[in-house]
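fold the following, please.
(one chain, ligands or ions: 1)
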Amino acid sequence: MILLGVNIDHVATLRQARYRDEESIHGGFIEPDPAAMAWLAEEAGADGITMHVREDRRHVQVEDVIRYQEKKKTRLNLETSMSLEMVQLAQEIRPESVCLVPENRKEVTTEGGLDVRGNIERANEVVRELVQNGIPVSMFIDPDPDQLEACAEIGAPWVELHTGSFARAWYDQEKRELELSTLREGMRIGVELGLRVNAGHGINYENMEGAKTLESIYEFNIGHSIISRSIRTGLQESVQKMRSLLNG
Ligand code: PXP
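Sure thing, here's the model as predicted:
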């Protein structure tokens, strides 16, 4: 069975759109609450929860993560960059795993994979530090054989293959097959190198049909499409409820 990790960042994106500058009422009635949505996702069958605390704190806040952890039922996969500050923070938060991702302040969401080969010294330091402290590390990389080998060389136990190119290619039959075979080859090499291979980014309710054929993937981490669908499926009830409050 392939596991499902639910990425809850976009709940926080929505919360920040309204309450970004209202830390003073943090803990009061501000919505939506990423921790509460993470607990709901767990009740619905999520195998794990992913939260990305960005250096610029644009969506998830450290307090969200801490509050989630107080009543979590599954496990926290914390996404962070490799900066000194974030690696220190990850050790204070003590998640069940860390996923290292590149961060670029101008990007809307995580774009490319991590260049482990090009930053091998820093990647090595970070992986060693976290693994020695009992936190398994996953490297978010493109399905590139050289990146996979670099991850194995530094002793990273897990990788997460970036499925963004596959998701973008989904509506073009030829490109779709090409991207799928690149991912399949990345998965095969990863498994052969002894890595646990996760995958994620851009997976939705349509392209899952192709993604799930990657049978050795341990876990998919999915965020945007799940949060988007929950808005669509929940909107009718929300309008009806407001209507009834308004008119009795
Ligand atoms: N995995 C990683 C490492 C990510 O950075 C993201 C996006 O934040 C995801 C998975 C989930 O991507 P999406 O929101 O497109 O499902």
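
what is the burial count for the closest residue to residue 143 other than its chain neighbours?
Using Cβ to Cβ, 6 or more residues apart in numbering and skipping residues adjacent in sequence, the residue nearest residue 143 is residue 186, 2.7 Å away. Just so you know, the C-beta spots here come from the backbone N, C-alpha and C atoms, and that holds for glycine as well. Using other Cβ atoms under 10 Å, residue 186 has 23 other residues around it.

who's in contact with residue 186?
Applying Cβ atoms under 8 Å, 6 or more residues apart in numbering, one finds that residue 186 lies in contact with 142, 143, 144, 145, 148, 161, 197.

these, buried ones only, as a ChimeraX selection?
In ChimeraX, this line selects whichever of the contacts of residue 186 come out buried by 16 or more other Cβ atoms under 10 Å:
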select :142,143,144,148,161,197
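
so which of the contacts of residue 186 sit within strands?
Under the assignment DSSP state E, those contribute 161, 197 to strands.

mind listing the helices for the protein?
9-19, 34-43, 62-70, 84-93, 120-132, 145-153, 164-169, 173-192, 208-211, 224-247 (DSSP state H).

and those helices: which comes nearest the ligand?
Distance to the ligand, taken as Cβ to the nearest ligand atom, is lowest for helix 224-247 among these, at 3.5 Å.

and the closest one, how far out from the chain middle?
In terms of Cα atoms, centre = their mean, to the nearest Å, the centre of helix 224-247 is set 25 Å apart from its chain centre.

same check, this time on stretch 241-248
Counting by Cα atoms, centre = their mean, stretch 241-248 comes out at 37 Å from the chain centroid.

quick check: closest non-adjacent residue to residue 158.
In space, residue 158 is closest to residue 138, 3.8 Å off (Cβ to Cβ, 6+ apart).

cool, thanks, talk later.
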